[in-house]
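A.B. asks: sequence isn't available, so here's the structure alone:
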């Protein structure tokens, strides 16, 4: 049976909840509609997160992103809504969503939104010589 767009985000248990590690997901084919003109807006989404107890399941993320194809929304609102839904589904230690929208009228837009759990401290970066 073919897939269909869905606002449902599924998760699975984090296989290493005792460790801070980063998951990076690139979504190069995000589309939504301009709320003013109804024309399609295209973007590349980059999701980076440090999971706590749950990770987002990729097929459900694919159908979730697909669900925006026929919805109008300003870039800032859409990016914040997606982050909010992902945070609600996974309750990560840290999550950042970057949405790089293609040119429209000679203007590129990039929206970066973040979530940080109140009790999480990022690990100190390792600087190698």
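C.D. replies: Okay, I see it. Bear in mind the structure is a predicted one, so any value in this text is a computation, not a measurement.
A.B. asks: can you show me the helices along the protein?
C.D. replies: Per DSSP state H, the chain has helices spanning 58-66, 75-90. These are given in chain order.
A.B. asks: could you dump the ones you listed to a markdown table with mean neighbour count?
C.D. replies: All C-beta atoms are positioned from the backbone trio N, CA, C, and that covers glycine. Formatted as a markdown table, the entries for the helices of the chain read as follows, by neighbours: other CB atoms under 10 Å:
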| stretch | mean neighbour count |
| --- | --- |
| helix 58-66 | 16 |
| helix 75-90 | 18 |
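A.B. asks: would JSON lines of those with mean pLDDT and distance to residue 98 be doable?
C.D. replies: Formatted as JSON lines, the entries for these read as follows, by pLDDT from 0 to 100; distance: least, CB to CB, whole Å:
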{"stretch": "helix 58-66", "mean pLDDT": "97", "distance to residue 98": "14"}
{"stretch": "helix 75-90", "mean pLDDT": "98", "distance to residue 98": "8"}
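A.B. asks: which among these is found nearest to residue 32?
C.D. replies: Closest approach to residue 32 among those is made by helix 75-90 (5.5 Å; CB to CB).
A.B. asks: what packs against the closest one?
C.D. replies: Judged by 3 or more CB pairs under 8 Å, 6 or more residues apart in numbering; DSSP states H and E, helix 75-90 is in contact with strand 40-50, strand 54-56, strand 94-104, strand 107-116.
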